[in-house]
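Novice: Model the structure of this input:
(one chain, ligands or ions: 2)
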Amino acid sequence: MAEIYGQPVARETPAVHKFGGSSLKDVTAISSVIRTIRSHVRTEDVVVVSANGGVTDQLIQVFNDGTHRLPALRESVQQLVTTVLDQPDALLVSLLEDLELLSSGLSQTTLSVHDVLAYGELWSAQLLSARLHELGIPNHWRDARDILTVDAQNNPVNPAKAVQILLDSKGEGIQILTGFLARNEAGQGITLGRNGSDYSATLVASLLRSSAVYLWTDVDGVYTADPHVIPEARRIPTLTLGEAQALSELGSHVLHHKTINPLLQHPARIIINTCDSDTLGTDVVEQSRAGEGQVKTLAHKSQLVQLTLAGIHELRTRQFQAELTAGQINQYACHYDKTRQVLQLCVEQVDFFRTSQLIRQAGLTLVQQLSGVSLISAVGHNIRQNHRVISQLLGRTARFDVLNIHYPGNDHTLCVLLADEQAEALLADLHAACFDLAPSIPIVVLGYGNIGQQFIRILKDNKASIEQRVKQSLSLVAVANSRHYQYAGECLLDEVIVPDQDNTSGEIYQRLSDYINKPLVLIDLTASEAVAARYPEFVANGWHLISANKLVAADDIRASHLEAELEKQHRRWLTNTTVGAALPIQSSLRKLIESGDQVQAVNGVFSGSLSWIFGQYDGQRPFMEWVRQAHANAYTEPDPRDDLSGQDVYRKALILARQLGFNEARVVFTPAIPDELMAGTLEQFWARSAAIDEHVAGLWKAANEQGKSLCYLASISSQEINVSLQLIDQQHPAAGLRPGDNIFVIDSAWYAGNPLVIQGPGAGREVTAAGVLNDLIEVLQSA
Ligand SMILES: NC(=O)C1=CN([C@@H]2O[C@H](COP(=O)(O)OP(=O)(O)OC[C@H]3O[C@@H](n4cnc5c(N)ncnc54)[C@H](O)[C@@H]3O)[C@@H](O)[C@H]2O)C=CC1
Ligand SMILES: N[C@@H](CC=O)C(=O)O
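Specialist: Ligands and ions are numbered 1, 2, ... in the order given. Below is the predicted model of the structure:
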């Protein structure tokens with residue numbers, strides 16, 4: 001059992017779900033929230049709520065204008081309560097009591113703005129809680145001011161106590177917590193700034209070490225730009241934490257200021273989506289290497305005022321900025337020029353009045369103020385390190401009257417300041433440059449096993465960045481395994497993949513008949529002869545092919561016919577993962593040959609599974625247990641006998657020999673495990689485990705006595721293809737390989753005497769799927 005601040009917690013920590021004001025604005029919206037709670041919220045989870053939509057604005061009016069605004073507020077909240085609840089009386093009574101307190105507190109001026117605004121979240125939490133009780137969903141609501149105490153920067157004080165209270169309430173059903181509210185160190189109730197409920201949610205998630213925070217909001221994720229301004233904008237399936245933080249610092253509508261900060265130390269997935277959505281929303285993940293250096297999204301903030309303060313010391317700058325933060329005033333594009341002692345920053349027009357008051361109080365000199373300013377920002381992981389992207393972005397700004405280019409203190413953002421009137425035109429121009437895509441080439445995946453599932457996962461996760469790289473939208477139109485398929489005329493990448501249509505007689509191919517004579521990329525992630533036998537038909541249809549399946553690539557006659565047809569059709573066939581998974585073996589050999597080198601031999605370990613199994617085997621644990629483990633780890637072929645027989649390595653050797661033109665080589669082939677131990681059905685093979693264990697134990701003992709290890713090696717040259725189990729000593733290049741690694745030692749005219757060596761993981765879901773993705777990108781880029 002894990003612990004947080006000494007409190008025991010189950011390994012599966014509670015998730016936090018935040019519902020914003022617009023999601024709770026009326027009876028229809030609340031019904032959607034309840035459906036979402038039923039489908040996504042577990043009893044141990046925490047729900048954080050904002051005030052019902054519109055209520056906070058009314059409370060501000062009450063605070064600013066006085067108690068004569070109360071009747072309108074009462075009427076709208078009463079109406080909401082009576083429409084949502086079947087039995088509203090109890091809540092109506094307590095609502096009237098609150099309004100009494102509010103009225104007398106305002107008359108006696110004993111209430112702060114924070115106390116007044118707090119009623120919005122208190123009523124919202126009670127209303128949702130009451131409705132869930134009516135529906136028989138166990139829950140209890142909590143005032144977050146009894147739990148969260150924060151310092152001037154809104155960081156939690158005494159987090160251990162907060163965690164204790166949160167965990168103590170487990171077992172009482174879903175906890176419904178008021179967002180936006182906390183207490184300061186003096187014990188006064190405070191509010192956490194505009195859209196502070198998002199911050200409450202991530203704060204609670206970081207305290208509870210939650211693995212996921214769901215921000216249920218009015219949009220189904222983060223888009224490449226605000227879709228209200230750029231209708232072509234597309235939803236982004238994933239953002240990195242760094243990108244999300246950069247975005248939140250830019251005052252984004254979906255990811256609010258400071259939302260991400262609490263999660264920087266205790267990262268959790270953040271899922272941004274709308275209730276009742278058909279899509280998977282946007283998933284904020286800790287890290288992702290894909291899309292590195294590419295623009296993910298363009299943020300846009302208008303109606304800013306740019307302020308220039310002169311004669312201000314660096315220390316004073318920091319104090320002043322802290323004062324703005326304490327006053328809940330967001331600042332953008334802050335830049336301090338040390339030599340000129342000038343501070344430039346932007347604040348929102350609505351905050352300008354309070355900002356000028358703070359400037360006056362601080363005795364600072366405002367030398368310039370410029371209203372009607374917009375901030376357009378390109379955000380993408382490490383884009384600032386990609387000089388090509390940065391110069392492309394800067395090049396696009398040349399036609400506009402840019403006030404300033406701003407480089408924030410992270411590597412993920414580049415900001416442009418310009419007049420509000422020009423902002424939308426620049427945004428559209430940048431969006432077209434970064435995201436305009438050609439029509440897509442449909443993609444079909446055959447094989448939804450280890451590699452197929454992982455491939456689709458990374459295709460989904462990296463959709464936006466791949467689209468940007470290949471300059472076309474991705475459209476996965478069908479996925480099939482041996483028994484079922486799923487087909488969509490549109491793209492399946494936004495959907496949950498569940499192949500459920502009958503495919504026992506290859507029905508998928510009838511569905512694909514619409515694509516005959518149209519470009520399509522068919523990806524074969526099966527080990528199936530039935531699929532391999534259809535390659536000529538696929539190419540005749542005018543389709544590109546990508547194979548992890550080795551059956552055709554290792555068969556010279558079939559492969560040669562196919563290549564002739566591919567040439568006629570001007571179509572590509574990539575097979576890079578058939579040897580060495582994602583290791584660049586075929587591509588390296590191709591480059592050597594194309595540039596005039598003569599490859600004489602390739603030797604090494606070509607099997608990831610056998611490298612792993614023999615690398616782990618130490619004569620103690622039975623050999624077949626390692627085989628089972630390798631199968632579970634997806635290192636072996638669907639039938640592991642293909643590896644143990646040496647067939648799989650032999651196919652890889654044939655694929656490379658064919659590429660090198662070693663067509664006349666004689667073959668010396670000995671299986672790793674004798675054929676008689678592997679005969680019959682797969683069940684019979686597993687049942688024979690003890691005999692195989694005994695056989696390998698004998699081999700291992702003999703090798704060990706000579707100080708050697710067992711290694712399944714392959715070597716190819718124009719004279720011979722040799723695939724066999726051998727005893728190697730410590731000096732052999734394959735000795736000391738990490739279990740699972742492949743090694744390819746390439747002797748060539750240019751590398752005479754000092755061979756080129758390619759080494760690394762030779763099997764597994766992640767690497768192989770990544771290799772398939774590389775092939776797909778290459779095909780799409782050239783199509
Ligand atoms: N596992 C690895 O590290 C590597 C695997 N490969 C190759 O990738 C391929 C797939 O391997 P895994 O995903 O591990 O196998 P798997 O057994 O997990 O998945 C194979 C999938 O193909 C489907 N399938 C079989 N016959 C089919 C048919 N006629 N039509 C449609 N689907 C069919 C199965 O239902 C299953 O979904 C194999 O050819 C393997 O050699 C290549 C490089 C590395
Ligand atoms: N079964 C294969 C996987 C890759 O092709 C291996 O073990 O190398």
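Novice: Can you tell me the centre-most residue of this protein?
Specialist: By C-alpha atoms, centre = their mean, the chain has its centre lying nearest to residue 238, at 3.8 Å.
Novice: quick one, what contacts that one?
Specialist: Residue 238 sits next to 282-285, 288, 461-462, 464 when contact means C-beta atoms under 8 Å, 6 or more residues apart in numbering. In this view, the C-beta of every residue, glycine as well, is placed from N, C-alpha and C.
Novice: Then residue 747?
Specialist: For residue 747, the contact set (C-beta under 8 Å, 6+ apart) comprises 599-603, 755.
Novice: Tell me the one of those residues nearest ligand 2?
Specialist: residue 602 (15.2 Å; C-beta to the nearest ligand atom).
Novice: contacts for the helix or strand that that closest one is a member of?
Specialist: Applying DSSP states H and E as the criterion places residue 602 in strand 599-605. In this structure, residues lying in contact with strand 599-605 by C-beta under 8 Å, 6+ apart are 589, 592-593, 611, 656, 660, 711-718, 733-734, 737, 741-749, 762.
Novice: hey, where'd the helices end up in the stretch 651-783 of the chain?
Specialist: 682-687, 689-705, 765-782 (DSSP state H, counting those that start in this stretch).
Novice: any chance of those in JSON lines, with mean neighbour count too?
Specialist: What follows is these, written out as JSON lines (neighbours: other C-beta atoms under 10 Å):
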{"stretch": "helix 682-687", "mean neighbour count": "12"}
{"stretch": "helix 689-705", "mean neighbour count": "15"}
{"stretch": "helix 765-782", "mean neighbour count": "20"}
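Novice: To ligand 2, which of those helices lies closest?
Specialist: Among the helices of the stretch 651-783 of the chain, helix 765-782 sits nearest to ligand 2 (C-beta to the nearest ligand atom), with 6.6 Å.
Novice: right, is the closest one up against ligand 1?
Specialist: Yes. Applying C-beta under 6 Å from any ligand atom, one finds helix 765-782 touching ligand 1 at residue 768.
Novice: Could you tell me the average pLDDT over that helix, please?
Specialist: Across helix 765-782, pLDDT averages out at 96.
Novice: can you dump the C-alpha coordinates of that helix into PDB?
Specialist: Extracted in PDB, the C-alpha atoms of helix 765-782 (Å, rounded to 0.1, in the frame of the first residue of the first chain):
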ATOM      1  CA  ARG A 765       5.400  -3.600 -29.300                       C
ATOM      2  CA  GLU A 766       6.800   0.000 -28.800                       C
ATOM      3  CA  VAL A 767       9.800  -0.200 -31.100                       C
ATOM      4  CA  THR A 768       8.000  -2.100 -33.900                       C
ATOM      5  CA  ALA A 769       4.900   0.100 -33.800                       C
ATOM      6  CA  ALA A 770       7.300   3.100 -34.000                       C
ATOM      7  CA  GLY A 771       9.000   1.500 -37.000                       C
ATOM      8  CA  VAL A 772       5.700   1.000 -38.800                       C
ATOM      9  CA  LEU A 773       4.800   4.700 -38.100                       C
ATOM     10  CA  ASN A 774       8.100   5.700 -39.700                       C
ATOM     11  CA  ASP A 775       7.200   3.700 -42.800                       C
ATOM     12  CA  LEU A 776       3.800   5.200 -42.900                       C
ATOM     13  CA  ILE A 777       5.200   8.800 -42.700                       C
ATOM     14  CA  GLU A 778       7.600   7.900 -45.500                       C
ATOM     15  CA  VAL A 779       4.800   6.600 -47.700                       C
ATOM     16  CA  LEU A 780       2.600   9.600 -47.000                       C
ATOM     17  CA  GLN A 781       5.400  12.100 -47.600                       C
ATOM     18  CA  SER A 782       6.100  10.600 -50.900                       C
END
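Novice: and that helix, is it in reach of ligand 2?
Specialist: No. Applying C-beta under 6 Å from any ligand atom, one finds helix 765-782 out of contact with ligand 2, separated by at least 6.6 Å.
Novice: Mind listing residues that contact that helix?
Specialist: By C-beta under 8 Å, 6+ apart, helix 765-782 touches 441, 443, 450-451, 453-455, 457-459, 462, 466, 469-470, 472, 521, 523, 525, 544, 546, 548, 572, 574-577, 581-583, 634, 760-761.
Novice: Show me how far it is from its chain's centre.
Specialist: 18 Å (C-alpha atoms, centre = their mean, to the nearest Å).
Novice: Show me which pair in the contacts of residue 238 is furthest apart.
Specialist: Across the contacts of residue 238, the longest distance by C-beta to C-beta is 14.3 Å; it joins 284 and 462.
Novice: Those two: which has the busier surroundings?
Specialist: For residue 284 and residue 462, the more surrounded residue by other C-beta atoms under 10 Å is residue 284, and the numbers stand at 29 against 22.
Novice: mind listing what the more buried one touches?
Specialist: Residue 284 neighbours (C-beta under 8 Å, 6+ apart): 238-241, 244, 260, 269-272.
Novice: Just the closest of those residues to residue 40, please.
Specialist: Nearest to residue 40 among the contacts of residue 284 is residue 271, at 9.2 Å by C-beta to C-beta.
Novice: Is any residue of the helix or strand hosting residue 478 near ligand 1?
Specialist: According to DSSP H and E, residue 478 maps onto strand 475-480. Yes. Judged by C-beta under 6 Å from any ligand atom, strand 475-480 comes into contact with ligand 1 through residue 480.
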